[in-house]
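Asks: give me a 3D structure for the following:
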Amino acid sequence: MKEFFSFPELINEPAARLVASGVLLMSLISIGLIRLEVTFVLIVLSVMVYGFLARVLFGPKVSPLALVVTKILVPKLNFEEKLVPGPPKRFAQSIGLVFSISILTLWLIGLNIMSIVLLSILSAFAFLEAVIGYCFGCKVFKFLISLGLIPENICEKCAVYEY
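Replies: Below is the predicted model:
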């Protein structure tokens, strides 16, 4: 049971970038749906929240987006595996979870402009990860370790890994 609830110690960076591409796509679709005042946005935002929650709690094991990426896309596209530390990626997914819950909540209470602002920020960070492999959450994670706010033993590989 503990294994099921664990997050991988190492993450395949090409897979993380493809997951970020999926988040970017869902974010951009959501912006369009909100602007068009289409209620289908509830489904897209709910799927986004679930995906972040699943990846934070279980890694890629129960996230539909992560499963498609790891089981279908990465093997088919034949990307070279590049392993990076998992804890910073989990931290980044946690930030995405907070953003997506906030976005859904704001949309539900009718604050569409604020939803779009947060979706735009989420889109920008997902774009950076997807296109150039720049994980902003990972940078923040490493900075928090350097400040002593996150213990180094949470990610010993992070002390030597260059983001």
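
Asks: show the pLDDT at the most centrally placed residue in the chain.
Replies: Nearest to the geometric centre of the chain sits Gln93, at 4.0 Å (Cα atoms, centre = their mean). Note for Gln93: predicted pLDDT of 97.

Asks: look up phi and psi at it.
Replies: Backbone torsions of Gln93, given as degrees, to the nearest 10, read phi -60, psi -30.

Asks: surely Leu33 touches Leu42?
Replies: No - in this structure, Leu33 is not within contact of Leu42 by Cβ atoms under 8 Å, at 9.1 Å. In this view, the C-beta of every residue, glycine as well, is placed from N, C-alpha and C.

Asks: out of these two, which sits in the busier spot?
Replies: Neighbours per residue, other Cβ atoms under 10 Å: of Leu33 and Leu42, the larger number sits with Leu33, 18 against 14.

Asks: hang on, the earlier thing: which residues touch the residue nearest to the centre of the chain?
Replies: Gln93 is in contact with Phe52, Arg55, Val56, Gly137, counting by Cβ atoms under 8 Å, 6 or more residues apart in numbering.

Asks: repeat that for 10 Å
Replies: Gln93 makes contacts with 7, 16, 19, 23, 51-57, 59, 63, 66, 137, as judged by Cβ atoms under 10 Å, 6 or more residues apart in numbering.
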